[in-house]
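Asks: predicted model, plus sequence, below.
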Amino acid sequence: MSLDGIFLNQIQRELCEQAIGARIDRIAQPAREDIILHLRWRGGAGKLLLSANGNHPRVHFIANAPENPASPPMFCMLLRKHLSGAKLVDVRQAGLDRVLFLDFEAQNELGDLCVITIVCEIMGRHSNIIVTRGGDIIDSIRRVGFDTSRVRQVLPGMSYEMPPPQDKLSIIDVTPDQITDKLLAGRDIELSKALMGILEGMSPLPCREIAYYTTRGQELAVSQLGEAEIARLRFYLGQIADMLQQNTLKPVMVLDPDNHPRDFTFLPVHQYGTAMLTREYESFHELLDAFYSRRSQSERQRQRSSDLLRILANTSNRITRKLAAQREELLECGQRDHLRVMGDLLTANMHLLQKGDIKATLSNYYDPEGAEIEIQLDIRLTPPQNAQRYYALYRKADTAEKMLIKLIAQSEQEQLYIDSVFDALTRAETSADLDAIRAELAGGGYIRSRGGDTRKKKEQKLAPLKFRSTDGFLIQTGRNNIQNDRLTLRESHNGDIWLHTQKIPGSHTIISAKGAEVPKSTIEQACIIAAWHSKARQSSKVPVDYTRVRNVKKPGGAKPGMVIYDHFETAIVDPDEELVNRLRQD
C-alpha cells in the first residue's frame, strides 16, 4: 500500500483541473507532519491535506478536517506568514517521480509578487514538506542535517535539490519494447519484482496486476516468459501508457471480505479473485480520502477499544473456566443416589459392623442380582456415624446440584451478555459508542468508572441508529445493551414490532408502527437491518425473530439487553450492507 508516481500524477491532474486560481483562506497543522490548506475558488472550496507522515504520506482533498491544536506550531506560523491569501498558479510533477510542486503567487515582505513553492516529497519515511522561493529553501516540516544524511540536506537557506534519481524507465517516455528489452536483460527474478525494479512510478500492486495479466495467474520468473507472455506484457504496458496519456485511468480501492480497505491503485484488480473486493471511485482524491479516513478511524477505534477487548476476553475466559468447573461438579453430584444406597446398606447391616472397620462388604439388595458392594468406612466413627456420614454427603450433593443448576444458568447468561457486549464493541462506529460501552461495563462492575458516573450524560447524547423503510416506516436499532433496554422497554409502544437475531448476539431493532399495519416488505427490511447489526453480519440465512413489543419482557435481575419474548415469528434473511446504508438516516 503506497502512493506511487502514477497515482500521484492523477492527483496532480485533478488538482490542476479543480484548484488552479484558488486562494489560501486558512492554514492549519493538526498533526506534527500534516498541513491543511483551506482553499477557496470561484464557486467552491476545499481542504487540501499535505502529509509527510512516514506511515502514509499523501496529498489530496479531504472532506472533514481534524481538530487543530490550541496553539499553531512554528512551521504553521511560517506558512501563514508567507502564504496567507496566496493564489495557486500551478501544480507540477517531475516525470513520474513521487514529488509534487505546488506553486503559489504571493507577496513578499516588500509587497512585491513572488512565487513560493511547496514541495511535497512522498517517499515513505523520508517524506517531507519543503517551502522554497527562487530555488532556495525557506524551511521544511522535517529538517535533514548532515548528521542525518550525507547525500542530501534540507535546511533553511540551502538550495533545493531533487532527491537522487533512480535508474528506472517512465512508461510514458519509452515504448513497451524498450521496457521488455531491459526486463529481459536484467536479473532473472519473479516478474512482478522485476517490473518494480525497472518501472518508474509503479508500486507493488499494479506490478503484480501486470504480471498476473501477463502470466495468466502463474508465478513466473523473467526467464520463464515465452513469446505469448511477452506479447501480452507489451500489449498491457501499451494500454497503461495510453490510459495515462488520455487521462482514462480509474481509481480502484481493494477491500477485504469484512469491507475494510486494504490497498488502492489506478488499474482494475483481478489478481485476488474472490478473496478481495474492489470498488471504483469517481476521483483519485475521493478514493484517498475514503481510504485513509476509514483506516485512521478503524485504527483509532482499535486503539481506544483495545483495553475493552482485553477485559472482555479475560472475562469470557474466566466464565468459561467457571462453567467447566461447575459442570464437572454437577456431573459428580449426579452420583448422589449411590451415597444414599451406601447409607441404607450400612443402616440395614449395622449388626455386622464394628467401630474400627476399614471397609464393609455387603450384599446390595437394590441390585436385582444381589451383587456384593464394598463400602469404605472411617475407622474413627461408629457404624451408625458412618451411615449418617453417607446420608450427609447425599444431602450435600442434592443441595449442591440444585444450586449448581442455578449457578450454571447464571454463568451462561453472563457469557451471553459478554458476547453481546463484544458484538456491540466490534460494531462501534464512534468514540461516543465506545464511551457508552465503557459506561455500561463500569455500571456492571467489570471495569472502574472514569471520573465518576458519566453514563447518563453519554447516553443522552447517543441516539439509536435510525432507518427509513421503503414504505416510510421508522426503524431504530440500539447501539449497545443499555440503549437496547431503553429502546425496547421505554421508548417503544406495545403495538410496535420488536426484532432480534435468534440465539445470536445483536442489537434490538424496533419498527415504529404508530397504530398502522406494518407491511411484509418493511418487516423484511427490518430483519435485514437486525441481521446486519449482529454477530452474524458476515453470514447468510440468518434467523431473525420478530413480535409485538407487548410480548417482550425483561426478567428480574437480568443483565442489560437480556429479555424474553413469546408469540413470535421467524424470518430467514441475508445481511445486506448496501440496503442498510441506503435506508440509514443520519
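Replies: Yep, it's here.
Asks: burial count for Ile36?
Replies: Using other C-beta atoms under 10 Å, Ile36 has 21 neighbouring residues. For the C-beta atoms, the positions are set from N, CA and C on the backbone; glycine is no exception.
Asks: mind checking the SS state of it?
Replies: Secondary structure assignment for Ile36 (DSSP: H, G, I helix; E, B strand; the rest coil): strand.
Asks: go ahead and confirm it touches Ala28.
Replies: Yes - using C-beta atoms under 8 Å, Ile36 is in contact with Ala28, at 4.6 Å.
Asks: mind listing the shared neighbours of these two?
Replies: Common neighbours of Ile36 and Ala28 (criterion: C-beta atoms under 8 Å, 6 or more residues apart in numbering): Ala65.
Asks: show the backbone phi and psi for Thr509.
Replies: Note on Thr509: backbone dihedrals following degrees, to the nearest 10 are phi -130, psi 140.
Asks: so what's it bridging to?
Replies: Thr477, Leu499 (DSSP bridges).
Asks: and it, how many neighbours?
Replies: With other C-beta under 10 Å as criterion, Thr509 counts 31.
Asks: I figured it hits Ala526, correct?
Replies: Yes - using C-beta under 8 Å, Thr509 is in contact with Ala526, at 5.7 Å.
Asks: now for these two: what residues contact both?
Replies: Joint contacts of Thr509 and Ala526 (C-beta under 8 Å, 6+ apart) are 475, 499.
Asks: which is the next helix or strand following the longest helix seen in the chain?
Replies: Longest helix in the chain, counting residues (DSSP state H): helix 284-333. Tracing the chain past helix 284-333, the next element assigned as helix or strand by DSSP states H and E is helix 336-348.
Asks: list the buried residues in that following helix.
Replies: Within helix 336-348, the residues that qualify as buried are 336, 339-346, counting by 16 or more other C-beta atoms under 10 Å.
Asks: do stretch 82-98 as well
Replies: Burial within stretch 82-98, assessed by neighbour count using 16+ other C-beta under 10 Å, is assigned to 82-83, 86-88, 91, 93, 96-98.
Asks: output the contacting helices and strands for the strand or helix carrying Leu49.
Replies: Assigned by DSSP H and E, Leu49 belongs to strand 44-51. Judged by 3 or more C-beta pairs under 8 Å, 6 or more residues apart in numbering; DSSP states H and E, strand 44-51 is in contact with helix 5-19, strand 34-41, strand 58-62.
Asks: alpha carbons only: can I get the shortest one in CSV?
Replies: Think strand 58-62. Taking C-alpha atoms only, strand 58-62 is exported to CSV below (Å, rounded to 0.1, in the frame of the first residue of the first chain):
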residue,chain,number,x,y,z
ARG,A,58,0.0,11.8,0.7
VAL,A,59,-1.6,14.8,-1.0
HIS,A,60,-5.4,15.0,-1.5
PHE,A,61,-8.6,16.9,-0.7
ILE,A,62,-10.3,15.8,2.5
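Asks: counting contacts, what elements does that strand pack onto?
Replies: The contact analysis (3+ C-beta pairs under 8 Å, 6+ apart) places strand 58-62 against helix 5-19, strand 44-51, helix 284-333.
Asks: tell me how far the shortest one lies from the chain's centre.
Replies: Distance, stretch centre to chain centre, for strand 44-51: 26 Å (C-alpha atoms, centre = their mean, to the nearest Å).
Asks: mind listing what it pairs with, with the direction of each?
Replies: Going by DSSP bridges, the partners of strand 44-51 are strand 34-41 (antiparallel), strand 58-62 (antiparallel).
Asks: which one, of those, ends up nearest to Ile311?
Replies: Closest of the strands paired with strand 44-51 to Ile311 is strand 34-41, at 32.5 Å (criterion: C-beta to C-beta).
Asks: and the contacts of that closest one?
Replies: Contacts of strand 34-41 (C-beta under 8 Å, 6+ apart): 18-19, 21-30, 45-53, 62, 65-66, 75-76, 79, 83, 88, 129, 141.
Asks: with stretch 226-233 instead?
Replies: Identification of contacts with stretch 226-233 by C-beta under 8 Å, 6+ apart yields 176, 180, 183-184, 210, 213-215, 220, 225.
Asks: Serialize those to a markdown table and add fields for secondary structure and distance to Ala530.
Replies: Formatted as a markdown table, those follow (DSSP: H, G, I helix; E, B strand; the rest coil; distance: C-beta to C-beta, whole Å):
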| residue | secondary structure | distance to Ala530 |
| --- | --- | --- |
| Pro176 | helix | 54 |
| Thr180 | helix | 56 |
| Leu183 | helix | 55 |
| Leu184 | helix | 59 |
| Ile210 | helix | 44 |
| Tyr213 | helix | 43 |
| Thr214 | helix | 47 |
| Thr215 | helix | 46 |
| Leu220 | coil | 49 |
| Leu225 | coil | 53 |
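Asks: can you redo those residues as a markdown table with distance to Met158 and neighbour count?
Replies: Shown next, in a markdown table, are those (distance: C-beta to C-beta, whole Å; neighbours: other C-beta atoms under 10 Å):
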| residue | distance to Met158 | neighbour count |
| --- | --- | --- |
| Pro176 | 40 | 19 |
| Thr180 | 41 | 18 |
| Leu183 | 38 | 21 |
| Leu184 | 42 | 13 |
| Ile210 | 39 | 22 |
| Tyr213 | 45 | 19 |
| Thr214 | 44 | 24 |
| Thr215 | 47 | 19 |
| Leu220 | 47 | 17 |
| Leu225 | 46 | 21 |
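Asks: between these, which sits nearest Lys541?
Replies: Lys541 lies nearest to Tyr213 out of those, by C-beta to C-beta, at 36.6 Å.
Asks: list the contacts of that closest one.
Replies: Contacts of Tyr213 by C-beta under 8 Å, 6+ apart are 232, 236, 270.
Asks: cool, Gln107 as well?
Replies: 85, 113-114.
Asks: which residue ranges of the protein form helices?
Replies: Under DSSP H, the chain gives helices at 5-19, 74-83, 176-185, 191-198, 204-215, 227-245, 284-333, 336-348, 383-426, 431-443, 455-461, 481-489, 520-532, 577-583.
Asks: which among the ones you listed is found nearest to Gly145?
Replies: Nearest to Gly145, of the helices of the chain and by C-beta to C-beta, is helix 74-83 at 16.1 Å.
Asks: circling back to that earlier point, from the contacts of Gln107, which single one is nearest Ile311?
Replies: For these, the nearest to Ile311 is Gly85 (51.7 Å; C-beta to C-beta).
Asks: which one of the buried residues of helix 336-348 is nearest to Leu583?
Replies: So of the buried residues of helix 336-348, ranked by how close each gets to Leu583 (C-beta to C-beta), first place is Arg336, at 56.6 Å.
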